[in-house]
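Chemist: whatever this is, show me its structure:
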Amino acid sequence: SGATYFTGVIESPFIILFFYVLIFSPFFLSKRKIFLVVSFSIIGLGLVVDLTLYGWIPQIPGIRSHPSYVFPRLISYLFSFVVVTILSSVLAEQMKRATTELEKTKVRIKDYLGFFRNVLDGTPSGVIVASESGYLLFSNKSASEILEVDLKEGDFLLDKVPQFFQTVITRIGSKREEMETEISGKFKVLGFSVSPVVFEGTEALVIVFQDLTEVKAREEEMKLREWSAQLGEFAGSIAHEIRNPLATISGVLEYLQNHIEKEKRKEEARLVQQASQEAERIKKLISNFMYFARPPGEKEEVNLNALLKSLVEEFKNFFGVQIDYSGLDINGYIYREPFRHMIFNLLHNAVKFSEGRDVKLRLAKEGECVKIIVSDKGPGILPQEKERIFMPFYTTDRKGTGLGLAIVKKVVEMHSGNIVVKSEKGKGTSFEITLPLKK
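Modeler: Here you go, the predicted model:
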């Protein structure tokens, strides 16, 4: 009001300051305070004009002060004060509501994002959003777990998971693909799809993938069981057909060997001995076949510690191999001869492939089950071979029949147990067998 008085009263350029105050006060003050502001503005301007007009305070020279000129302008200003205040208040109220809604929307979006992130973190499928240049924009918890690497926003995927990312970027737009890869020294089968999207205004790739290793393993196990069942039927019939003629051949060879040795015919004796060895090899093969065909009989309660100790002693006495054994005194119901044959096969393989170095046999109890571990420091097994070693007739040994580990698998299934193979190339192999103790 003072500035208005000294700069021309009703013609003062500072009257505009009243409008600035009235426009912005609704955005910062309550309704009661806005009413006081507009009231004081009207009273302040009206008081200065009236006091000047009626000579209660000195008039500024050169300023028009005739009532016919002053009052219409004063009334228009005061009316404008009220109108501007009302419009500004309405606008401020709308902005406050919009701001409140915007904050609520932000909270809802944040909640939705948190919800969807929790959903994605809870899904067993890995989800990765990557820029076209290979930088990570988003990933869920399963992605880190499947790839066994700590993924963070901004990571360069060709450094973090080079083999995985190099494969998937060549399959952009694919609906369903599978890949075999090595992750942290383990062989895995991954199913994946790759789709181009726009993420936060940037062209990106969405990679959705699953760990199919266990699924594939179960499929292979089902195939193996079907094959074992078919092999069992085949083995039962063919073994019966071969066993009787083979017994006759073995008897004739034994007679010939005794007769030839008496006549000291060395070359013929060597040939007959070689034929006898091959006959024995066929008898062994037939015996192995019978594990697929014959019923296991009845389970019996056996002291497993004593049984394994006798096997360790057998390897020491007959093969000259010292096996590192430790175990608890545990009784369990087992098919005695198949069980013994299974452990013998595993120890024989461990000794053969590790050349007798650091072969270990462990016996322990896990709840209602018994755990047997046979390990060695041999050359190890390649990841792609691990899924095939239990297949009948699969062998990397030219002298082997390929039935040893197939029989091991069959005996484990016979006991309703489980077998796990752990191996690293160049570091050795361990077979972990878990069997129920109860009958």
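Chemist: can you give me the strands for the stretch 1-150 of the chain?
Modeler: Counting by DSSP state E, counting those that start in this stretch, the stretch 1-150 of the chain has strands at residues 126-131, 136-139.
Chemist: pick the most buried one from those.
Modeler: strand 126-131 (a mean of 21; mean count of other CB atoms under 10 Å). C-beta coordinates here come from the backbone N, C-alpha and C atoms, glycine included.
Chemist: now for it, which elements pack on it?
Modeler: strand 136-139, helix 141-147, strand 202-211 (3 or more CB pairs under 8 Å, 6 or more residues apart in numbering; DSSP states H and E).
Chemist: OK, contacts around Ile43?
Modeler: Residues near Ile43 by CB atoms under 8 Å, 6 or more residues apart in numbering: none.
Chemist: quick check: angle from the longest helix seen in the chain to strand 126-131?
Modeler: For the chain, the helix that runs over the most residues, judged by DSSP state H, is helix 67-122. Angle, helix 67-122 to strand 126-131, by axes from the mean of the first three to the mean of the last three CA atoms, to 10 degrees: 130 degrees.
Chemist: report all helices and strands that helix 67-122 contacts.
Modeler: Going by 3+ CB pairs under 8 Å, 6+ apart, helix 67-122 lies up against helix 16-24, helix 31-53, helix 141-147.
Chemist: starting at the chain centroid, how far to stretch 266-279?
Modeler: Taking the mean of its C-alpha atoms, stretch 266-279 sits 59 Å from the chain's own mean (CA atoms, centre = their mean, to the nearest Å).
Chemist: circling back: go through the helices and strands packed on helix 67-122 and name the closest to Asn305.
Modeler: Of all the helices and strands packed on helix 67-122, it is helix 141-147 that lies closest to Asn305, at 38.7 Å by CB to CB.
Chemist: and the next helix or strand after the closest one, what's its mean pLDDT?
Modeler: Per DSSP states H and E, the first helix or strand lying C-terminal to helix 141-147 is helix 157-160. Averaging pLDDT along helix 157-160 gives 85.
Chemist: buried sites along the helix or strand just after helix 157-160?
Modeler: With elements assigned by DSSP H and E, the helix or strand that comes after helix 157-160 is helix 162-168. Within helix 162-168, the residues scored as buried using 16 or more other CB atoms under 10 Å are Phe164, Phe165, Thr167, Val168.
Chemist: between the two ends of stretch 146-157, how far is it?
Modeler: Length of stretch 146-157, first residue to last, CA to CA, to the nearest Å: 15 Å.
Chemist: again with stretch 258-267
Modeler: By CA to CA, one end of stretch 258-267 lies 14 Å from the other end.
Chemist: what's the average pLDDT for that stretch?
Modeler: 67.
Chemist: ok, now stretch 213-229?
Modeler: On average, stretch 213-229 scores 72.
Chemist: begin at 40, not 1, for the rest of this chat.
Modeler: All set: I'll call the first residue 40, so the last point we hit is now stretch 252-268.
Chemist: returning to that earlier point: any chance of the helices and strands packed on strand 165-170 in JSON lines, with distance to Asn384 too?
Modeler: Formatted as JSON lines, the helices and strands packed on strand 165-170 follow (distance: least, CB to CB, whole Å):
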{"stretch": "strand 175-178", "distance to Asn384": "45"}
{"stretch": "helix 180-186", "distance to Asn384": "34"}
{"stretch": "strand 241-250", "distance to Asn384": "31"}
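Chemist: circling back to that earlier point, state the pair within the buried residues of helix 201-207 that is farthest apart.
Modeler: That would be Phe204 and Thr206, which, of those, are the farthest apart (CB to CB) at 7.3 Å.
Chemist: next, the contact list for the spatially most central residue of the chain, please.
Modeler: In the chain, the centroid-proximal residue (CA atoms, centre = their mean) is Ile185; its distance is 2.5 Å. Contacts for Ile185 (CB under 8 Å, 6+ apart) come out as Gly165, Ile222, Lys227, Leu229, Phe248, Gln249, Asp250.
Chemist: run the chain-centre distance for stretch 374-383.
Modeler: Using CA atoms, centre = their mean, the offset of stretch 374-383 from its chain centre is 37 Å.
Chemist: where along the stretch 290-439 of the chain do the strands fall?
Modeler: Going by DSSP E, counting those that start in this stretch, the stretch 290-439 of the chain shows strands at 339-342, 363-366, 370-373, 399-405, 408-415.
Chemist: buried residues, stretch 368-383. List them.
Modeler: Residues of stretch 368-383 classed as buried by neighbour count (16+ other CB under 10 Å): 369, 371-375, 377-383.
Chemist: now do that stretch: distance to the chain's middle.
Modeler: Relative to the chain's own centre, stretch 368-383 is displaced by 37 Å; criterion: CA atoms, centre = their mean.
Chemist: now that stretch - C-alpha only, CSV.
Modeler: Output in CSV follows, covering the C-alpha atoms of stretch 368-383 (Å, rounded to 0.1, in the frame of the first residue of the first chain):
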residue,chain,number,x,y,z
ASP,A,368,27.9,-100.2,12.4
ILE,A,369,24.6,-100.1,10.5
ASN,A,370,22.0,-102.9,10.0
GLY,A,371,19.7,-102.7,7.0
TYR,A,372,17.3,-104.8,4.9
ILE,A,373,18.9,-105.5,1.5
TYR,A,374,19.1,-108.0,-1.3
ARG,A,375,22.4,-109.3,-0.2
GLU,A,376,24.0,-110.6,-3.4
PRO,A,377,22.8,-107.9,-5.7
PHE,A,378,23.9,-105.3,-3.2
ARG,A,379,27.4,-106.9,-2.9
HIS,A,380,27.7,-107.1,-6.7
MET,A,381,26.7,-103.4,-7.0
ILE,A,382,29.4,-102.2,-4.6
PHE,A,383,32.0,-104.6,-6.1
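Chemist: residues making contact with it?
Modeler: When contacts are defined by CB under 8 Å, 6+ apart, stretch 368-383 is touched by residues 330, 335-344, 346-347, 350, 400, 402, 404, 409, 411, 413, 446-447, 450-451, 453-454, 472, 474, 476-478.
Chemist: the same query, at a cut-off of 7 Å, please.
Modeler: 330, 335-336, 338-344, 346-347, 350, 402, 404, 409, 411, 446-447, 450, 453-454, 476-478 (CB atoms under 7 Å, 6 or more residues apart in numbering).
Chemist: could you do stretch 457-472 as well?
Modeler: 224, 385, 410-421, 425, 447-448, 451, 456, 473.
Chemist: and the end-to-end length of that stretch?
Modeler: 6 Å.
Chemist: run a quick neighbour tally on Arg112.
Modeler: Using other CB atoms under 10 Å, Arg112 is surrounded by 15 other residues.
Chemist: lowest-scoring secondary structure element of this structure by mean pLDDT?
Modeler: helix 41-45 (a mean of 59; mean pLDDT, DSSP states H and E).
Chemist: ok, back up a step: ok, which of the helices and strands packed on strand 165-170 comes nearest Leu130?
Modeler: Of all the helices and strands packed on strand 165-170, strand 241-250 comes closest under CB to CB, at 36.8 Å.
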